[in-house]
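Participant: how would this look folded up:
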Amino acid sequence: MNKEKMPIQVWILTLSAFAIGTAEFVIAGILPQVAQSLSITEGQAGYLISAYALAIVFGGPLLTIYLAQFKKRTVLASLMVLFIIGNILSALSPNYPILMISRVVTGLVQGPFYGIGAVVATNLVSKKMAGRAVGQMFAGLTLANVLGIPIGTWIGIQYDWHTTFLAVAALGVISLFFIFFAIQSREISESKNVKEQLAAFKNPMLLISLAITIFTWSGFMTLYGYIAPIAIHITGFSESSMTWIFVIIGIGLIAGNSLGGQSSDKNLQKASIFWATAMIMSLILVGWTIESKTLFLISAFLFGIASFANVPTMQLRVMNYGGKAQELAATVNISAFNLANAFGGFLGGVILDSKMGGAMIPYAAIIVPLIGLLFITKMNKKENKQSVLVPS
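Facilitator: Numbering: from 1, shown residues only. Coordinates of the predicted model:
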């Protein structure tokens, strides 16, 4: 049995990921307040979410190319400083344009921090613990869904949305303190130059790994983004029930993240194919049980497990083929996750507004992940062929 313990530094990265994840999603809980306060429509307020996501997708990799040259503790601390500034700027925003700018500034942090942080986490443990280290860090993101968003929303209701952003900034200050004093620069190896980083993307195995993330992960947001309208209008739950329904699903996300990390360490190939298949099956199960409250909750919980178990497998696979550009590859994979989220959200919205309606969303959600499953199968065959041609 593996008795190696997770280093405290990885837990610090978990805390940081929790703060960043809360900043990303908490806007959904305070959207009506922001809209009313700034005299804009809720649709315009929703563009704040899009601006954040676009900053991750396009700004993250570009920023990482530059930052990967420096010592990792300095980079992580600097990113957290930028995160704090962004959230304070959000809290003090007097109007919509300033708030939009502040969200872009904050969004720039997420891709590089998650990407570089994942590399830091794996470098702090033995190779047999790499999957669990990545999973442990990303557990902060799942905890943000279970705890950070409800608490941030509650703060906004009790006080105002400005206070919510100040609370998130305070989380950033705490994270910065621990990063600065607990993560030592000498513990982390230095990155190579920019040309070497970009050259890594000539590797077709890395490109296939990124394609796996985009195609497979799209199934998650296709359903998750529309859980509320499905649960309320089809299954028959009240709007007030959605808080604890999301908590139940969130617990599934946490469990899946842990299981995905453990199984990735045992056999990444088997874990990839198993959890991608499990997510597809869970989507079908949600579709079958959509009219029963009890069965819907059970299947939604299983969907949470099966979906987030894919996160460590996808991130670890990309990092394995990152070569001298692990940080950049890991960050680009965060962009891939967000591209999948954007597509999944679009697909779910189209189905919801169509004659098919929300009941068809779980079934529509499996179409693109099936392509991802084919990529995983192809990838596994390539890896097995290479291991035969190049014996250890």
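Participant: Run through the stretch 51-200 of the chain and note the low-pLDDT ranges.
Facilitator: Residue ranges of the stretch 51-200 of the chain with pLDDT under 70: 184-194.
Participant: What are the boundaries of the helices in it?
Facilitator: Assigned by DSSP state H, counting those that start in this stretch, the stretch 51-200 of the chain shows helices spanning 60-67, 72-91, 96-123, 130-143, 149-158, 161-182, 194-199.
Participant: Give me the helices and strands touching the second one, please.
Facilitator: If I follow you right, that is helix 72-91. Under the contact criterion of 3 or more C-beta pairs under 8 Å, 6 or more residues apart in numbering; DSSP states H and E, helix 72-91 touches helix 8-25, helix 60-67, helix 96-123, helix 161-182. Bear in mind the C-beta positions are built from the backbone N, C-alpha and C, glycine included.
Participant: One more: the fifth one?
Facilitator: Helix 149-158 is packed against helix 8-25, helix 161-182, helix 242-266, with contacts defined by 3+ C-beta pairs under 8 Å, 6+ apart.
Participant: Packed most tightly, which of these would that be?
Facilitator: helix 8-25 (a mean of 23; mean count of other C-beta atoms under 10 Å).
Participant: helix or strand right after that one?
Facilitator: helix 31-38 (DSSP states H and E).
Participant: Give the buried residues for that following helix.
Facilitator: 31, 33-35, 37-38 (16 or more other C-beta atoms under 10 Å).
Participant: Domain-wise, how is this structure divided?
Facilitator: Listed by automatic domain parsing, the domain ranges of the chain are 1-191, 192-383.
Participant: hang on, Phe303 packs against Ile280?
Facilitator: No. In this structure, Phe303 is not within contact of Ile280 by C-beta atoms under 8 Å, at 10.3 Å.
Participant: what about these two, which has more around it?
Facilitator: Phe303 (28 against 20; other C-beta atoms under 10 Å).
Participant: Any figure for the gap between the more buried one and Ile49?
Facilitator: 22 Å (C-beta to C-beta, to the nearest Å).
Participant: same question, Ala228
Facilitator: According to C-beta to C-beta, Ala228 stands 15 Å off from Ile49.
Participant: show me the contacts for Asn310.
Facilitator: Neighbour list for Asn310: 216-217, 220, 256, 260, 272, 275-276, 279 [criterion: C-beta atoms under 8 Å, 6 or more residues apart in numbering].
Participant: For Ala55, state which of those is nearest.
Facilitator: Trp217 (18.9 Å; C-beta to C-beta).
Participant: Tell me the spacing between the nearest residue to the closest one once chain neighbours are set aside and Asn333.
Facilitator: Closest residue in space to Trp217, ignoring its immediate chain neighbours: Ala340 at 3.9 Å, by C-beta to C-beta, 6 or more residues apart in numbering. According to C-beta to C-beta, Ala340 and Asn333 sit 10 Å apart.
Participant: Same check on Thr294?
Facilitator: Using C-beta to C-beta, Thr294 is found at 37 Å from Asn333.
Participant: Tell me which of these two has more neighbours.
Facilitator: Asn333 (30 against 9).
Participant: Can you verify my assumption that that one contacts Val318?
Facilitator: Yes. Asn333 is within contact range of Val318, at 4.3 Å (criterion: C-beta under 8 Å).
Participant: Touching both of those two, which residues are there?
Facilitator: Listed contacts common to Asn333 and Val318 are 209-210, 213; contacts here mean C-beta under 8 Å, 6+ apart.
Participant: will you turn those residues into TSV that also has distance to Ile361, secondary structure and pLDDT?
Facilitator: TSV is the format used below for the shared contacts of Asn333 and Val318 (distance: C-beta to C-beta, whole Å; DSSP: H, G, I helix; E, B strand; the rest coil; pLDDT from 0 to 100):
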residue	distance to Ile361	secondary structure	pLDDT
Ser209	27	helix	89
Leu210	26	helix	91
Thr213	21	helix	92
